[in-house]
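1. Provided below are the primary sequence and the corresponding predicted coordinates.
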Amino acid sequence: MHHTYPPALRIVEAMDADEHARNLTNWEQCYDQTTAGVFHGLLEELQLPAMQVFRESTSQGMRQTCCVWPDALWFGLPYSAQATRINGRTVAPNSVLVRPGDCEFELITPADYTIFGIVVRQDTLHDAAQRLGYAIDWERMRGAELVHASPAARQQCLHTLGALLQHPGHPEGAEATQQAVVAALLPLIDTGVVEREVRDSFARRQRIVAKARDYLLAHHDQAITVPDLCQQLFVSRRTLQYCFEDVLGMAPLQYLRILRLNGARRDLRNKAASTVSDVAADWSFWHFSQFSSDYRKLFGHSPSADCSSGPH
């Protein structure tokens, strides 16, 4: 559903997680829905000469893999009170998320979630910092995932972004709008404490979860069990459980089911020739009525509704 607004501001709604993921300009993304109910996404996006500013709202919990355009830095400011995870790490309330372009990262977000985002070309930010007298450790910033900012600076930045998306037309044009965003962003990363890199023990848990996911996706037509995963990854059941709960906030069995249901939904919407039962079998759902029930519970509608709707 597209609406007509002032030309600089683009507002797009979506009733499907994949469709919503594709709406953010110049990002590569894949969204899996993790909480039960009908999905609704809203994106408000402003494109500036060397920058992108947006507010993204999602009604359901998501596991997102994201990648920003090259030679840029992304800064994420969660607006919702509930915790976000970036690459498995739980985000403290005053944190700012940071990731460089051309580098895949993972977000776990709760239901009824809103996040403000700024993507800015690194050279533009670098030049502005020099001009305005900010000393920033760029090497550390490019390797960071989290910056703990001062609450006042974070609040001021959110206020600037909210006002900008409400009234995008700056009387002096796009360049002046961009400078206003940079002026609100730089105090955050100048006074903020860059979080240290993850400890080896946590990095190991991240690797175990990533390997489990890769194995599940490569064998999605087989009924993979938790003992199967333990055997493949050479870990105990207890270790696997701990890794998944620490990195994703859910048990392996729950994640396995969510991953398969989202995979089936994607195929139902994209494979015009497939029947619902073929897709169910391809994602190792052998009991069709159970599959339909689980599908309806997670997405708020039947598998056949997605099969008939096709890609949008």
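-> Here it is on my side, so go on. Numbers count the residues shown, from 1 in each chain.
2. what's downstream of the helix or strand of the chain with the lowest mean pLDDT, the next helix or strand?
-> Every helix and strand in the chain was compared by mean pLDDT, DSSP states H and E; the lowest is strand 193-194, with a mean of 68. Remark: after strand 193-194, the chain's next helix or strand is helix 200-218, criterion DSSP states H and E.
3. Give the buried residues for that next one.
-> Of all the residues in helix 200-218, those buried under the rule 16 or more other C-beta atoms under 10 Å are 202, 205-206, 208-209, 211-213, 216. All C-beta spots, glycine's among them, are computed from the backbone N, C-alpha and C.
4. helix/strand/coil for Thr114?
-> Three-state assignment for Thr114 (DSSP: H, G, I helix; E, B strand; the rest coil): strand.
5. Look at the closest residue to it other than its chain neighbours and report its pLDDT.
-> Closest residue to Thr114 apart from its sequence neighbours, by C-beta to C-beta, 6 or more residues apart in numbering: Tyr79 at 4.1 Å. As predicted, Tyr79 sits at a pLDDT of 90.
6. Surely Tyr79 and Asp112 touch.
-> No - in this structure, Tyr79 is not within contact of Asp112 by C-beta atoms under 8 Å, at 10.7 Å.
7. beta partners for the spatially most central residue of the chain?
-> Centroid-nearest residue in the chain: Gln64, 3.7 Å away (criterion: C-alpha atoms, centre = their mean). Beta-bridge partners recorded for Gln64 (DSSP bridges): Tyr31, Leu107.
8. residues in contact with it?
-> 21, 29-32, 106-109 (C-beta atoms under 8 Å, 6 or more residues apart in numbering).
9. Compute the number of surrounding residues for the closest residue to Glu195 other than its chain neighbours.
-> Among residues not flanking Glu195 along the chain, Leu146 sits closest, at 3.9 Å (C-beta to C-beta, 6+ apart). The local packing of Leu146 (other C-beta atoms under 10 Å) involves 21 other residues.
10. Dig out what Leu146 forms beta bridges with.
-> With DSSP bridges as the criterion, Leu146 is bridged to Leu97.
11. OK, contacts around it?
-> 86, 89, 91-92, 95-98, 194-195.
12. how about 10 Å then?
-> Leu146 sits next to 76, 86-87, 89-92, 95-98, 192-196 when contact means C-beta atoms under 10 Å, 6 or more residues apart in numbering.
13. Over to Cys67?
-> Neighbouring residues of Cys67 by C-beta under 10 Å, 6+ apart: 26-30, 74, 99, 101-105.
14. Now the two most distant members of the residues you listed.
-> Greatest spatial distance in those: Cys30 and Gly101, 17.1 Å, computed using C-beta to C-beta.
15. Show me which of those two is the more surrounded one.
-> The residue with more neighbours, out of Cys30 and Gly101, is Gly101; 19 against 16, by other C-beta under 10 Å.
16. Give me the phi and psi for the nearest residue to the more buried one once chain neighbours are set aside.
-> Nearest non-adjacent residue to Gly101, counting by C-beta to C-beta, 6+ apart: Ala72, 3.8 Å away. Main-chain torsions, Ala72, degrees, to the nearest 10: phi -130, psi 170.
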